[in-house]
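Novice: After the sequence you'll find the predicted model.
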Amino acid sequence: MNKDILVIGGGIAGMQSSLDLADMGVKVHLVEKLPSIGGKMAQLDKTFPTNDCAI
Amino acid sequence: MLDVGRHPNISLMAYSEIEKVEGHEGNFTVTVRRKKRYVDEAKCTGCGACAEKCPTSVPDAFNTGLGTRKAIYSYFAQGIPSTHTIDPDFCRQLNGKKCGICQKTCQADAIDFDQEDKIVELDVAGIIIAAGYDVFDPSQIPEYRYSELPNVLTALEFERLLSASGPTDGHLDLPSDRAVEAEIKALEKKIGKSKRMLEKFEKKFDESSKQFYEKYNKGDYSDDKDRKKWADKYAEYLAIMEPLEDLKKKAESFTTAKRLAFIQCVGSRDFRFYPFCSGYCCMHSIKEAIIAHEHENETTSRIFGMDIRAIGKGFEEYKIRGGNNSNITYVRGRVGEISQGPNNNPVVTYEDTHERLVKSQEFDMVILATACVPTIGIIELAKILGVELDKYNFIKTSPFSPVDTNVPGIFACGCAGAPMDVPESVAQASSAAERAAEIAIQLRQVQNVQF
Amino acid sequence: MTAIAELIETTKTYYCLDCGVCTSSCPVSKVFPDFSPRQIIERSLYELEDPSDDTIWSCLTCAQCSVRCPADINFPEFIRLIRGEAISSGFEGQVTHNGMLQTISAIQTGNIKQNRKFWIEDGKISETGDIFFFVGCRPFFDVIFKDVDAGSIKGAQNILKILNTCGIEPVVSNDERCCGHDALWNGNEEKFKQLAQLNIDVIRASGAKKVVFSCPEGYDTFKNIYPRYFGELDFEPIHILDLLASKIDEGTLKFKEFQGTVTYHDPCRLGRLAGIYDAPRKLIDAIPGLELKEMPRSRENGVCCGTTGWKNCTSTSAQIRMERLAEAKDTGADKLVTACPKCQIHFRCTRSAFNLNMEIMDLYDLVADQLE
């Protein structure tokens, strides 16, 4: 029996899931296809409607 | 992003793919292939000295091909992990040529050309699919001529141009101008080589090439072999210099893009491709127009679409603010076609359906608000996981359990399930995390009883 | 429910998004703003459209709007059905050439004796066989369009020569009829059905398994429209360009060198309706020395030659053609090549009427001259 969780994809959704689980004390394996996490969100300059920086 | 990299409870496996999944809720065995980077993750400090010295430039995927990176690269500057990766398609060493410069440069001795893929097996209680989406490829719409017209971009490409850390440092340089500038650079490199060659001759004969060439053309030195070589080299030099001067003159008048057109529903709300509304593109275009105006306040933008879907808290106000403060006008009408105007300027033809008139307008740049479409790898991944896809190939979920897939213990969130914006993705991600935690934490209680 | 409201149901035109893509894509609307596909649909949806509306005859049925329509509305089909309604209410668009061409096709609905082989000369044909060559109206255009140098008899002879070179001696029949394309798109469905039935009977009687076409209209009508009315055909319609493209792939078709540059005009029936874009380009490419210079509006974006079905040839048509010829000229090519006898006639007519300087050539004439 184990209690780890696998998250597939390191974009904004995958990162948020991972952090939430990790903060709950659950061990997370985050697998990302590309060399770095960040996903599409990291490619965005700012976000609407507050024009906050995306990274 | 940084928090993910640092969190003690998160084991990050980037540049990796899921190969096989077996088992059931509470007890999955997952096989992960950790692809070889040819760089030792434990040793690489991410200093970037290797990339600086690498002689091979390739189009940069992170910058949607608008910039270049080296054959050894970090995916983007702030990328986590900062471990560099060698691109096996372009690396000289890996393609049988003599190189290995990165290996000599690396102080940490992290480069390993003999590295192999690693297979890792994980035992997990639950799985969250957050595989994201792809940008619709607009070259499928022939009337927008995306692949022919240089100054027609996708919204994501435009985002990279707007970014201060992007290929243009945040300036809206036109791709057609950047192509000319690249050509100038290439010619200058050639001219430099040619000049060095001429200097050798000039030194040898103690005469300027120009003076010599005039004499040579008059018929002097007609049977001097060495001087003939000199003359040929000078002719070569002139043959490069002329187009170079022309291009340079052309480049003097280059300015940044100031007249922008945003075309909505490119691939979405279109029965030929994806009939659904991608949801975020209206706001995305408004945001891009506002930021472009922030960069240069004489920028004007026109947003063409059937309606502006500003659904969300503060969105309608954002739209109005854009119109009032950022020179945005909203035009009701979907663009029929884009054609090539003077100076590579795209011309947009549309019917202003309020005025009931067909109009054409020239712009510096046209930005296509492309649809959010299922990511290409999702079909294979769904097969491995045994999860069902919907008719478009998004992960199938239901409105009343929006993060549950058909397989118990496997959840989906973000654009893997449906198009959505950042706040919605974040909300779904937290929801999926909670659903997964139910399994993980329940199991822990079971174990507590046992021990 | 009005007749037009019924047509909205059958064509699902109620899906219209009112987006204006059709009108902003339409080559007619750009020149003649009174004609607007979107506004015809809008009026129809509000039950304000009437069969007496003159603008319904301006549509070229070129499908530029329908291939781009995000709601998948087949506007040309909608217009065709409205035209049917208009005809039964006693309205008809303006026919060209005093209705001579409509009359000729009407005669063919009857039991008549024809000589449809008069043009053949030294070409080789068979009485029976597997391959039927549906010649179409091409050889007869010379009679009417001598003044614009239609060159249609020569064109038909050249196509037969090409087929002979490929080792094909096709069946050509005196009993062939007009394919009915014009009648259909002019809203005369009855006449179309009569002609189509006669053609199907003739080909069936010949026992041919394959029918070769050079005319884009005939090909599209047989391939895509006949089955809608008569079910699956017991023969296969083939376009000669597809046939030639496969011969080039096999290496059996060789050409002599020809120094020059051409630009290619995609006929709408051949391109947008039948989807044949690559084969003509492959053929041009296969001729050594010949260079193809594309016009900005090519392939899927190719613009119509300005008239269809010998109706409503107006100043709008002339302007569309003048702009198209100027576009061809701008490519720097010596010749405008097209693969439709009607496109060719229309361009030649405009060229002579406005004294323009652009050579217009039929693709098959070009190919036949270069055969080895």
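Specialist: All right, it came through fine. Numbers count the residues shown, from 1 in each chain, chains lettered A, B, ... in the order given.
Novice: Could I get the contacting residues of the residue in the stretch 1-150 of chain B that chain C sits nearest to?
Specialist: Going by C-beta to the nearest C-beta, chain C is nearest to B:Pro142 of the stretch 1-150 of chain B, at 3.8 Å. Every C-beta, even on glycine, is put in place using the N, C-alpha and C of the backbone. Contact analysis of B:Pro142 by C-beta atoms under 8 Å, 6 or more residues apart in numbering or on different chains lists C:Arg299, C:Glu300, C:Asn301.
Novice: Let me know the closest of the residues you listed to chain B.
Specialist: C:Glu300 (3.8 Å).
Novice: now the strands: where do they sit in the stretch 251-372 of chain C?
Specialist: Using DSSP state E, counting those that start in this stretch, the strands of the stretch 251-372 of chain C run over C:260-265, C:290-292, C:335-338, C:359-362.
Novice: so which of those gets nearest chain A?
Specialist: Across the strands of the stretch 251-372 of chain C, chain A has its closest neighbour in strand C:290-292 (38.7 Å, C-beta to the nearest C-beta).
Novice: List the strands paired with the closest one, with their directions.
Specialist: Take DSSP bridges as the rule and strand C:290-292 pairs in its sheet with strand C:260-265 (parallel).
Novice: Go through the partner strand and flag the buried ones.
Specialist: Of all the residues in strand C:260-265, those buried under the rule 16 or more other C-beta atoms under 10 Å in any protein chain shown are C:Val262, C:Thr263, C:Tyr264, C:His265.
Novice: Just put those residues in a markdown table and tack on pLDDT.
Specialist: Formatted as a markdown table, the buried residues of strand C:260-265 follow (pLDDT from 0 to 100):
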| residue | pLDDT |
| --- | --- |
| C:Val262 | 97 |
| C:Thr263 | 98 |
| C:Tyr264 | 98 |
| C:His265 | 98 |
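Novice: Of the residues you listed, which is the nearest to C:Glu6?
Specialist: C:His265 (37.4 Å; C-beta to C-beta).
Novice: Not counting its neighbours along the chain, what's nearest the closest one?
Specialist: C:Thr338 (4.2 Å; C-beta to C-beta, 6 or more residues apart in numbering or on different chains).
Novice: Same question for B:Glu434.
Specialist: A:Asp20 (7.2 Å).
Novice: Give me the residue at the spatial middle of the chain.
Specialist: In the absence of a named chain, chain A is used. Residue closest to the average C-alpha location in chain A (C-alpha atoms, centre = their mean): A:Met15, at 1.2 Å.
Novice: if you could check chain C rather than the one you did, that'd help
Specialist: Centre-most residue of chain C, counting by C-alpha atoms, centre = their mean: C:Glu217, 3.5 Å.
Novice: ok, it touching C:His181?
Specialist: Yes: between C:Glu217 and C:His181 there is a contact under C-beta atoms under 8 Å: 4.3 Å.
Novice: what touches both of the two?
Specialist: C:Arg269.
Novice: List the residues that contact the residue in the stretch 51-200 of chain C positioned nearest to chain A.
Specialist: Per C-beta to the nearest C-beta, C:Pro70 is where the stretch 51-200 of chain C lies closest to chain A, at 24.5 Å. Shown in contact with C:Pro70 (C-beta under 8 Å, 6+ apart): B:Cys265, B:Arg269, B:Asp270, B:Phe271, B:Arg272, B:Arg334, C:Leu17, C:Cys19, C:Val21.
Novice: Between these, which sits nearest chain A?
Specialist: Taking these together and measuring to chain A by C-beta to the nearest C-beta, the closest member is B:Cys265, at 17.7 Å.
Novice: what sits up against the helix or strand that that closest one is a member of?
Specialist: With secondary structure defined by DSSP states H and E, B:Cys265 is part of strand B:259-266. Outside strand B:259-266, the residues that touch it by C-beta under 8 Å, 6+ apart are B:136, B:138, B:141, B:144, B:154-155, B:277, B:281-282, B:285, B:288-289, B:292, B:299-306, B:308, B:334-335, B:338, B:346, B:348, B:361-371, C:70.
Novice: Relative to C:Phe230, how far out is C:Asn199?
Specialist: To C:Phe230, C:Asn199 is 10 Å away according to C-beta to C-beta, to the nearest Å.
Novice: and the closest residue to chain A within the stretch 251-372 of chain C, what is it in contact with?
Specialist: Scanning the stretch 251-372 of chain C for proximity to chain A using C-beta to the nearest C-beta identifies C:Glu300 as nearest, at 29.6 Å. Neighbour list for C:Glu300: B:Pro142, B:Glu143, C:Val67, C:Gly271, C:Arg272, C:Tyr277 [criterion: C-beta under 8 Å, 6+ apart].
Novice: Right, I'll leave it there.
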